[in-house]
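Participant: Predicted model follows, preceded by the sequence.
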Amino acid sequence: MDKIVITAAMVGAEVTREHNPALPITPEEIGEAAAECVKAGAAVIHLHVRDEEGKPTQDREVFRRAMDEIRRRTDAIIQVSTGGAVGMTAEERAAPLSLMPEMCTLTTGTVNFGDDVFFNSPEYIEFFASEIKKYGVRPEIEVFDVGMIDSALRLVKKGLLSLPLHFDFVMGVPGGIPGTPKHLLHLVESIPSGSTWTVAGIGRAELPLGVMAIVMGGHVRVGFEDNIFYSRGVLAESNAQLVARIARIARECGREPATPDEARSILGIRRSE
Ligand code: KMH
Ligand code: ZN
């Protein structure tokens, strides 16, 4: 079977040091954690950053510093978040795109997000898609529920996105699609042929859905953004520990983790440097 692209979502916007003391926060810590994740088998770093107080920020300069720290240590694909944190404006969320990272996220719909709302109106989505196109960034479509696939295809019709698309199924957010095998099968069957996909299972859904993706020919995202535990009640020691486990299982199933360059070719990314 084809190589597997492992994405490390190491920081997120919601998790804190109180949840897991090993959360990387400063640009240096993010660079170090990324190096460990790449060594363990990750090819993509899904990037959120924090301000000096540890709060989520979309500040361009903080992103630039974290990206420099990652690039100094690895050749990983950096995928900046345009999701940011709930409550941020569209302009705030789009700020890191002008750094022209190789990849970014694009959520194609609004979803209840625990007690909050992750707001992505058609106007927001079209704004992000235009910015993404302007800066030549390869988008990963974040799918929190099945209707978001159709919304992405509408953007293709409008010329704002091009096929083939790459999807990330974010499953198990309270308010979004549940993190079950049945729902993963439905999502995979609902995307156009020729698409690539990865799965980000939230909490205890991370491991079983990751294993399903390995077997089904998909790709996998792990990390503290989605899950802070190694097993029930046992905190993960690091993001790299979660990456290493999924890489180990993938190898056992005959799927070697892709290097960053192999992942570029799987995900249709052309390097401009
Ligand atoms: N923090 C969530 C509200 C993304 O990175 O694009 C949104 C999120 C999605 O994390
Ligand atoms: Zn994210």
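Facilitator: Arrived safely. Numbers count the residues shown, from 1 in each chain. Ligands and ions are numbered 1, 2, ... in the order given.

Participant: burial measure for A22, as a count.
Facilitator: 17 (other Cβ atoms under 10 Å). Glycine gets a C-beta too; all of them are placed from N, C-alpha and C.

Participant: Quick one: the strands in the stretch 101-250 of the chain, in order.
Facilitator: In the stretch 101-250 of the chain, the segments counted as strands under DSSP state E, counting those that start in this stretch are 103-107, 111-113, 116-118, 138-143, 166-171, 196-201, 219-222, 229-231, 234-235.

Participant: Quote the end-to-end distance of stretch 45-56.
Facilitator: In stretch 45-56, first residue to last residue: 17 Å (Cα to Cα, to the nearest Å).

Participant: Please disregard the earlier target; I meant stretch 162-172.
Facilitator: Note: stretch 162-172 ends 28 Å apart using Cα to Cα.

Participant: what about stretch 35-53, average pLDDT?
Facilitator: Mean pLDDT, computed over stretch 35-53, is 99.

Participant: re earlier: mind giving me a markdown table with the strands of the stretch 101-250 of the chain and columns for mean pLDDT, mean neighbour count and distance to N20?
Facilitator: As requested, the strands of the stretch 101-250 of the chain are arranged in a markdown table below (pLDDT from 0 to 100; neighbours: other Cβ atoms under 10 Å; distance: least, Cβ to Cβ, whole Å):
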| stretch | mean pLDDT | mean neighbour count | distance to N20 |
| --- | --- | --- | --- |
| strand 103-107 | 99 | 25 | 22 |
| strand 111-113 | 98 | 18 | 20 |
| strand 116-118 | 98 | 16 | 21 |
| strand 138-143 | 99 | 24 | 22 |
| strand 166-171 | 99 | 26 | 19 |
| strand 196-201 | 98 | 25 | 17 |
| strand 219-222 | 99 | 30 | 13 |
| strand 229-231 | 98 | 14 | 8 |
| strand 234-235 | 98 | 12 | 5 |
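
Participant: I'd like those strands laid out as JSON lines, including distance to ligand 1.
Facilitator: Formatted as JSON lines, these follow (distance: least, Cβ to the nearest ligand atom, whole Å):
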{"stretch": "strand 103-107", "distance to ligand 1": "3"}
{"stretch": "strand 111-113", "distance to ligand 1": "6"}
{"stretch": "strand 116-118", "distance to ligand 1": "5"}
{"stretch": "strand 138-143", "distance to ligand 1": "5"}
{"stretch": "strand 166-171", "distance to ligand 1": "7"}
{"stretch": "strand 196-201", "distance to ligand 1": "9"}
{"stretch": "strand 219-222", "distance to ligand 1": "10"}
{"stretch": "strand 229-231", "distance to ligand 1": "18"}
{"stretch": "strand 234-235", "distance to ligand 1": "20"}
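
Participant: Of all the ones you listed, which one comes closest to V156?
Facilitator: Closest of the strands of the stretch 101-250 of the chain to V156 is strand 138-143, at 10.2 Å (criterion: Cβ to Cβ).

Participant: So R73 sits against A34, correct?
Facilitator: Yes - the pair R73 and A34 qualifies as a contact (Cβ atoms under 8 Å) at a distance of 6.6 Å.

Participant: Who has more neighbours out of the two?
Facilitator: For R73 versus A34, the count of surrounding residues by other Cβ under 10 Å is larger for A34: 29 against 16.

Participant: isn't the more buried one right next to D75, touching?
Facilitator: No - in this structure, A34 is not within contact of D75 by Cβ under 8 Å, at 10.7 Å.
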